[in-house]
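Peer 1: Here you go, sequence then predicted model.
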Amino acid sequence: MSTESGSDREPPAHSAGGLGQLVARCVLAVAVVTLVAADAEAVLSLRHDLEVEGFLEAKTAIRTPQFQGADLVMQRNTVQLEGRWEFLRSGNLFGFSTGRLEQGSLTVINRNVYDSVYDVRGSYRERFSDEDRDRLRYEANIREAYGEFLLPPVTLRLGRQQVVWGETDFFRALDVINPLDYRWHFYYEPFEDIRVPVSMVRGIYDIGKLPFLDEVFVEGIWIPGDYSPTKISLDPRRPWGFFGQGVRESANTIIVGGEVFDFSTAVTNDGPSFSLKNSELAFRLKGLLGPVDFSLNYFWTISADAGPKVQQDLATVGPPERSGSVGTVVLPVDLAYPRSHVVGLSANYAEEAFTQTVFRVESTYTTGVPVSLAADVPKALDPDGNLYETSKRAVLMIGFDRPTWIKPLNQITTFFLSGQLFWRHYLDFNRFFVGFPSVYPAELNGETLQGRFVSRNTDRLTEDELAATFLATTSYGPGGLWRPTLLTAYDIVGTAGYTHLEIEHIYSAHLIFRLREAVFWGNNGEGPWFLGDRFGRPGDSRNETVFSIVFQF
């Protein structure tokens with residue numbers, strides 16, 4: 001897991017020159033789109049072998065905590081351009097024959113972002129330094145860049161890319177090749193937009209037909225040391241900065257023996273370097289067994305979530321940093337990135353005779369899952385004394401998809417209904433497994449210490465975790481240009497949930513409007529799915545209204 005002290009704290013790649021280039025690219029993109037908008041198709045064919053597509057999106061989010069008042073938390077403006085150059089067609093490369101190598105293409109996807117909320121909202125200008133605001137409001141990068149080659153029966157893709165595995169929506173089980181970037185809107189965005197592309201070699205061998213199997217192919221992936229962790233912001237000032245059940249502050253105090261000490265951590269975040277010894281490998285066999293579409297999967301990886309090793313025996317005490325304390329406790333913390341094995345399967349089956357339903361199943365077994373331990377863990381369960389352990393975890397998803405007539409609500413078009421049940425189980429669970437620590441006001445002798453905060457971890461994990469999702473969508477109007485969607489997710493153990501209702505209007509082939517109301521609800525506990533339990537609590541309600549305008553071409 002990459003936190004604020006990791007990749008989110010890197011110097012911005014947009015100095016005066018870089019920022020000028022970003023603005024220039026945005027202006028150029030808008031100019032190109034404006035010139036071709038009148039007659040443009042969904043994909044712009046600049047020449048017979050070169051296509052460009054993309055979108056411009058303005059997304060505004062207003063947070064309505066407990067439905068009282070409104071805070072502007074996002075005004076994210078995105079320009080994304082995707083170019084595809086088919087430089088090799090039908091075995092011909094610039095007039096030369098390439099033999100069995102039939103096709104070759106180059107795809108580049110560029111994303112430029114400006115979130116103006118850090119300029120528009122006065123409290124953000126006060127809350128963040130100019131350097132911090134520069135880092136948070138701009139993004140300019142090449143998300144994907146890969147070459148693809150067809151040498152039947154082999155397809156080879158080389159470069160920075162995304163890989164999508166599995167049958168799940170909203171939560172992930174097998175879809176773990178690419179880590180996620182939770183920093184700007186947690187996982188309440190499409191995975192396609194928040195996956196972190198990595199450099200890899202990906203090959204698919206099309207086998208075809210085998211005894212008892214049809215449409216069989218084997219996929220192999222080699223990631224040659226381009227490791228990237230899950231990206232999450234722990235900065236409580238950010239709209240989607242992640243913190244525990246307590247207050248939006250950082251722990252700065254520790255009380256020992258009735259005495260007040262200043263407190264800080266010295267975090268060593270030496271993540272895996274870009275080297276061959278940190279390679280990751282993945283394999284997949286996919287095919288049809290009668291009416292069942294299935295896959296068998298394996299991923300030898302490095303955990304995308306870091307585990308903190310707390311070096312309690314190496315803590316030091318220095319001079320006080322603030323008045324009212326007797327010293328400063330500095331606690332060393334090492335972030336560990338254990339090796340992990342992910343073994344899984346997925347399958348779907350379309351039952352047409354009786355239920356007209358597609359049934360889906362997905363399951364994984366994962367080793368090397370980093371877990372924190374409670375401070376009162378017995379020595380026998382924590383012989384290293386670092387409050388850290390690795391665990392084995394299994395995930396099972398069972399789901400269904402079904403087009404269904406609901407005539408009282410829509411007499412013209414069916415509803416698409418989809419549901420999923422997730423079960424997550426720790427195979428070597430012990431009751432000292434804990435989740436995310438929280439920050440609370442420091443107290444001494446029954447009195448609250450002004451401006452001082454302590455860290456406590458009361459978030460105990462459970463051996464079994466259950467969550468369910470349900471989605472319903474349909475369309476109205478001529479051509480189905482109005483498309484409402486209802487999505488709800490429920491933490492069955494934590495008794496809390498998330499619901500959003502979205503309406504999409506396809507105004508034209510290029511212009512789309514979306515309005516979403518997102519609500520977190522239920523028990524304000526500390527469940528593992530990060531639904532209403534954390535984001536719906538009174539002190540940190542993140543109910544949102546999100547409005548988007550998308551121009552696509």
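Peer 2: Cool, the structure landed.
Peer 1: Please count neighbours and contacts with C-alpha atoms only from this point.
Peer 2: Fine.
Peer 1: Hmm, residue 60 and residue 546 touching each other?
Peer 2: Yes: checked against C-alpha atoms under 8 Å, the pair residue 546 and residue 60 is within contact range at 5.6 Å.
Peer 1: Tell me the strands beside the one helix or strand residue 500 maps to, with direction?
Peer 2: Here residue 500, judged by DSSP states H and E, is contained in strand 496-506. Within its sheet, strand 496-506 is paired with strand 482-491 (antiparallel), strand 511-522 (antiparallel), according to DSSP bridges.
Peer 1: just how off-centre is that strand within its chain?
Peer 2: From the chain centre to the centre of strand 496-506 is a distance of 18 Å (C-alpha atoms, centre = their mean, to the nearest Å).
Peer 1: Any buried residues in it, and which?
Peer 2: If you call a residue buried by 16 or more other C-alpha atoms under 10 Å, then strand 496-506 has these buried ones: 496, 497, 498, 499, 500, 501, 502, 503, 504, 505, 506.
Peer 1: I'd like these as CSV, with distance to residue 427 appended.
Peer 2: As requested, the buried residues of strand 496-506 are exported to CSV (distance: C-alpha to C-alpha, whole Å):
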residue, distance to residue 427
496, 25
497, 26
498, 28
499, 31
500, 33
501, 37
502, 38
503, 42
504, 43
505, 46
506, 47
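Peer 1: Of the residues you listed, just say which sits nearest to residue 374.
Peer 2: Residue 374 lies nearest to residue 496 out of the buried residues of strand 496-506, by C-alpha to C-alpha, at 24.1 Å.
Peer 1: Touching, that closest one and residue 488? I think so.
Peer 2: No: with contact taken as C-alpha under 8 Å, residue 496 and residue 488 are classed as non-touching, separated by 10.7 Å.
Peer 1: Show me the one of the strands paired with strand 496-506 that comes nearest residue 131.
Peer 2: strand 511-522 (31.3 Å).
Peer 1: Helix or strand next in line after the closest one, which one?
Peer 2: Toward the C-terminus, strand 511-522 is succeeded by helix 532-535 as the next helix or strand (DSSP H and E).
Peer 1: contact partners of that following helix?
Peer 2: With contact meaning C-alpha atoms under 8 Å, 6 or more residues apart in numbering, helix 532-535 is reached by 244-245, 494-498, 520-527, 540-543.
Peer 1: who's in contact with residue 216?
Peer 2: Contacts of residue 216 were listed using C-alpha under 8 Å, 6+ apart, and they are 206, 207, 208, 209, 210, 285, 286, 287, 288.
Peer 1: Now it: closest residue in space that isn't a chain neighbour?
Peer 2: Excluding its sequence neighbours, the residue lying closest to residue 216 (C-alpha to C-alpha, 6 or more residues apart in numbering) is residue 287, at 4.1 Å.
Peer 1: Can you name the residues that contact that neighbour?
Peer 2: 213, 214, 215, 216, 217, 293, 294, 295.
Peer 1: now do 10 Å
Peer 2: Under the criterion of C-alpha atoms under 10 Å, 6 or more residues apart in numbering, the contact list for residue 287 reads 207-210, 213-218, 293-296, 347.
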